[in-house]
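Asks: Here is a sequence together with a model predicted from it:
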Amino acid sequence: MEDSLILKRYEDFKNYKRTDTKEKEKFILSTKAIIDDVRENGDSALIKYSRMFDNVNVEDFNFLTTDEEIESAINYVKENYSEIFELFLEAAKNVKEFHEKQLETSYSFKKDGALMGMKVEPLDSVLAYVPGGKAFYPSTAIMNIVPAKVAGVKKIFMTTPPDENGRVKNPLSIAIAVELGVDCIYKLGGAHAIAAFTYGTESIPAVAKIVGPGNIYVATAKKLVMGVVGIDSIAGPSEVMIFADEKANPDWVAIDLCAQAEHTGDNMLILVSTSMDFIKKVESSLEKILPSLKRKELIRKSLENFAFSVFVKNYEEGFEIVNLVAPEHVEVIIDMDVWSILKNIRNAGAIFIGEFTPVALGDYFAGPNHVLPTNGTAVFSSPLGVYDFVKRSSFLSVDKNYILKNAEKVVKLAFFEELDAHASSILFRTK
């Protein structure tokens, strides 16, 4: 079958390991050169790269979106995309409601003359990077901006690549950003934008954290500046695993695989099933459905190079494969209740349970964030959330009685580690 999945049995797949996705050296070297140039030459380097990569040909290029551009974009959206705009705002409302549940509060307690606790504080500033090249996804702007706003970030900036006239390519991005409460909208893209908001230039503020997806140069730039500025993650190609038994609808499973495969053509697709007959039915469904899809060539690339089907003897083996791969998205369509499924899955970015819960529902509308850990990083990381836009500081305040009571213990520990100044900082206060 032309669109058949590469079949693996549980015994073969249980030793599965991710391929090395380190950026090619040519991307690292060229991206580093751009970052260094922006860090040294500021705005002049930004103008150079905007002309080079985005074909900006206006003489007076202003990085900041003007009030006139914002007003024009909003009017254009109201006239041409009013229904879509309202639907995105409804989705944003759902996303906000979901993320409000993630809010943390500071806490404190007293113990033996000591007051201690944790202070939770929103970040001072964040950049939401919104791609504007071959594809523009307003949903991604929502997923990055809303949790930052819920967290109480003081300054939220958005940047997206300009068109050749030095204006934002997609007016919808401006309208959504304004509606969500973004403070400033900039017209910069690529690695040079990441560098600018990391180090700051004459016109661009340095921020505390950068979030949002981008191409290989954006991803490489984020990796190179990580540590100077906070980042959300190094996003890889999107991926989906579907764990289904013989009762699932093969057409629905097939279209869900195609939905994830239509992103970039290098999307990992894994079908896990307790039924060989069901796997064959899904393959037949793929052959039937694929020709009718607009992005069939991209989907075919993913199916031919990055797709697997895994036959397992029982649910236990299926869950073991899920936890081994730690997929970005996993759909579970088996004869088991929701809470038992959740109990069995430890490693996954987002879990979609039941035949009426496709990934697309979460991508756009329901509320959970669609910025998720990829390439197996779900074993240690989480979806983007409010917790990514706050920081925590512990605090401690003790009285004299506390230090007198515990001085001898602390001094002994300090001397054991041969840090006599530490010991003395205690002893000076006991005399």
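Replies: Yes, it's here.
Asks: Which parts of the stretch 301-431 of the chain are strands?
Replies: Per DSSP state E, counting those that start in this stretch, the stretch 301-431 of the chain carries strands over the ranges 307-311, 329-333, 350-353, 390-398.
Asks: Output these in CSV, with mean pLDDT appended to each entry.
Replies: Formatted as CSV, the strands of the stretch 301-431 of the chain follow (pLDDT from 0 to 100):
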stretch, mean pLDDT
strand 307-311, 93
strand 329-333, 98
strand 350-353, 98
strand 390-398, 98
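Asks: Throw these into a markdown table and include mean neighbour count, thanks.
Replies: Any C-beta I mention is one placed from the backbone N, CA and C, and that applies to glycine too. A markdown table is the format used below for the strands of the stretch 301-431 of the chain (neighbours: other C-beta atoms under 10 Å):
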| stretch | mean neighbour count |
| --- | --- |
| strand 307-311 | 22 |
| strand 329-333 | 26 |
| strand 350-353 | 20 |
| strand 390-398 | 12 |
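Asks: Please name whichever of those is nearest to residue 231.
Replies: Among these, strand 390-398 comes nearest to residue 231, with 14.2 Å by C-beta to C-beta.
Asks: Mind giving me the packing neighbours of that closest one?
Replies: Identification of packing neighbours for strand 390-398 by 3 or more C-beta pairs under 8 Å, 6 or more residues apart in numbering; DSSP states H and E yields strand 114-122.
Asks: Please identify the buried residues of the strand it packs on?
Replies: 120, 122 (16 or more other C-beta atoms under 10 Å).
Asks: What strands line up against that strand, and which way round?
Replies: With DSSP bridges as the test, strand 114-122 is paired with strand 107-111 (antiparallel), strand 390-398 (antiparallel).
Asks: Could you export the strands of the stretch 301-431 of the chain as CSV, including distance to residue 144?
Replies: Formatted as CSV, the strands of the stretch 301-431 of the chain follow (distance: least, C-beta to C-beta, whole Å):
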stretch, distance to residue 144
strand 307-311, 29
strand 329-333, 18
strand 350-353, 16
strand 390-398, 15
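Asks: Residue 202: which of the ones you listed is closest?
Replies: Among the strands of the stretch 301-431 of the chain, the nearest to residue 202 by C-beta to C-beta is strand 390-398 (28.0 Å).
Asks: who wins for proximity to residue 319 among the strands of the stretch 301-431 of the chain?
Replies: Checking those against residue 319 by C-beta to C-beta gives strand 329-333 as the closest, at 8.9 Å.
Asks: Domain parsing of this protein, as residue ranges.
Replies: Here the domain assignment for the chain is 6-15+236-379, 42-104+122-231, 399-430, based on automatic domain parsing.
Asks: could the strands paired with strand 114-122 be laid out in a markdown table, adding distance to residue 242?
Replies: Compiled in a markdown table, the strands paired with strand 114-122 are given as follows (distance: least, C-beta to C-beta, whole Å):
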| stretch | distance to residue 242 |
| --- | --- |
| strand 107-111 | 41 |
| strand 390-398 | 34 |
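Asks: how close does the spatially most central residue of the chain get to residue 328?
Replies: In the chain, the centroid-proximal residue (C-alpha atoms, centre = their mean) is residue 371; its distance is 3.3 Å. According to C-beta to C-beta, to the nearest Å, residue 371 and residue 328 sit 10 Å apart.
Asks: returning to that earlier point: so which of the strands paired with strand 114-122 comes closest to residue 194?
Replies: strand 390-398 (20.8 Å).
Asks: before we move on, the earlier item: can you tell me which residues contact the residue nearest to the centre of the chain?
Replies: Applying C-beta atoms under 8 Å, 6 or more residues apart in numbering to residue 371 gives the contacts 140, 143, 144, 211, 212, 213, 232, 233, 235, 383, 384.
Asks: can you list the weak-confidence ranges in the protein?
Replies: The model of the chain has pLDDT under 70 over residues 1-4, 18-23, 133-135.
Asks: if we can go back for a sec, select, out of the strands of the stretch 301-431 of the chain, the one closest to residue 200.
Replies: Smallest distance to residue 200 across the strands of the stretch 301-431 of the chain (C-beta to C-beta): 19.8 Å, for strand 390-398.
Asks: How about residues contacting the closest one?
Replies: So strand 390-398 is contacted by 104, 108, 113-123, 151-152 (C-beta under 8 Å, 6+ apart).
Asks: same question, stretch 295-313
Replies: 3, 5-10, 13, 237, 257-258, 260-276, 279, 282-283, 286, 290, 293, 318, 321.
Asks: now with 6 Å?
Replies: For stretch 295-313, the external contacting residues (C-beta atoms under 6 Å, 6 or more residues apart in numbering) are 3, 5-10, 13, 258, 261-262, 265, 267-272, 274, 276, 279, 290, 318, 321.
Asks: Out of the strands paired with strand 114-122, the one nearest residue 224 is which?
Replies: Smallest distance to residue 224 across the strands paired with strand 114-122 (C-beta to C-beta): 22.3 Å, for strand 390-398.
Asks: quick one: that closest one to chain centroid distance?
Replies: 27 Å (C-alpha atoms, centre = their mean, to the nearest Å).
Asks: Repeat that for stretch 333-346.
Replies: 25 Å.
Asks: Repeat that for stretch 137-152.
Replies: 11 Å.
Asks: and what of stretch 329-341?
Replies: 24 Å.
Asks: Between its first and last residues, how far does that stretch reach?
Replies: Length of stretch 329-341, first residue to last, C-alpha to C-alpha, to the nearest Å: 14 Å.
Asks: Touching stretch 329-337 from outside, list them.
Replies: 240-245, 248, 322, 341, 348, 350-353, 355, 359.
Asks: typo on my end, stretch 100-108
Replies: Counting by C-beta under 6 Å, 6+ apart, 117, 118, 119, 120, 150, 385, 386 sit against stretch 100-108.
Asks: Point me to the helix or strand that includes the fifth one.
Replies: Residue 150 belongs to helix 138-151 when assigned by DSSP states H and E.
Asks: Now tell me what touches the helix or strand following that helix from outside.
Replies: As assigned by DSSP H and E, the chain's next helix or strand after helix 138-151 is strand 155-159. Strand 155-159 is contacted by residues 125-130, 148, 177, 182-186, 188, 193 when judged by C-beta under 6 Å, 6+ apart.
Asks: among those residues, which are in helices?
Replies: Among the contacts of strand 155-159, the residues falling in helices (DSSP state H) are 148, 177, 193.
Asks: Now neighbour count too, for these, in a markdown table please.
Replies: Output for the ones in helices among the contacts of strand 155-159, formatted as a markdown table (neighbours: other C-beta under 10 Å):
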| residue | neighbour count |
| --- | --- |
| 148 | 28 |
| 177 | 27 |
| 193 | 28 |
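Asks: between those residues, which is closest to residue 164?
Replies: residue 193 (16.9 Å).
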